[in-house]
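> this one's structure only:
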C-alpha cells in the first residue's frame, strides 16, 4: 500500500528562485510538447511521449535552451509524462483536451521522482534535487522516502 504524505516547505530566496526556474521550464516544455502534438494532429500524424522526449533532448543540446541544464531533468520528463497522461485521458473520454499552462494560474507545481535516494529526509529538512536541503514540515512522521 502506498501512502501520500504532504510536505510544507520553507525555501530561502535562492531556493525560491530555483523553484521558479523549474516551474517555468516545466511549463515551457509542457506547452512546447502540447503545441507539437496539436500541430501533428492537424497534419494527420501521431506524436507520442517518445517523440516529445526526443524534442526535449534536442532542446537541451541547443545553446538557446542552455538553462534547461540548471533545472531538475526528472521534473522536465515528468511534465511530458503528465501531458501524455492528459492525452490518454482525453482520448478515453475521461477529461477535456489538454490546455496550455499559464504562469498566471495560482496552482503552480512540478513533480519529481525519488531516483537513487536523491530525495530524503534529514531531521527538519527535506533534500530535493537541485535545491539541496529545504526546511520542511510534514503531515505524518516517517523516517525514509521509498522509491
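Sure, I can see it. On a predicted model such as this, the values are computed, not experimentally measured, just so you know.
> center of the protein - which residue?
residue 75 (3.4 Å; Cα atoms, centre = their mean).
> in terms of contact, does residue 33 touch residue 52 like I think?
Yes: between residue 33 and residue 52 there is a contact under Cβ atoms under 8 Å: 4.2 Å. No exception for glycine: its C-beta is placed from N, CA and C like everyone else's.
> Next, show the common contact partners of these two.
80, 83 (Cβ atoms under 8 Å, 6 or more residues apart in numbering).
> returning to what we had before: how about the residue nearest to the centre of the chain, what does it touch?
Applying Cβ under 8 Å, 6+ apart to residue 75 gives the contacts 22, 25-26, 110-112, 129.
> Likewise for residue 133?
Contact analysis of residue 133 by Cβ under 8 Å, 6+ apart lists 122, 125-127.
> where along the chain do the helices fall?
13-43, 49-61, 73-91 (DSSP state H).
> Now the helix or strand of the chain with the lowest mean pLDDT: buried residues?
Using mean pLDDT, DSSP states H and E, the weakest-scoring helix or strand in the chain turns out to be strand 120-122, at a mean of 86. Neighbour-count burial for strand 120-122 flags residue 121 (criterion: 16 or more other Cβ atoms under 10 Å).
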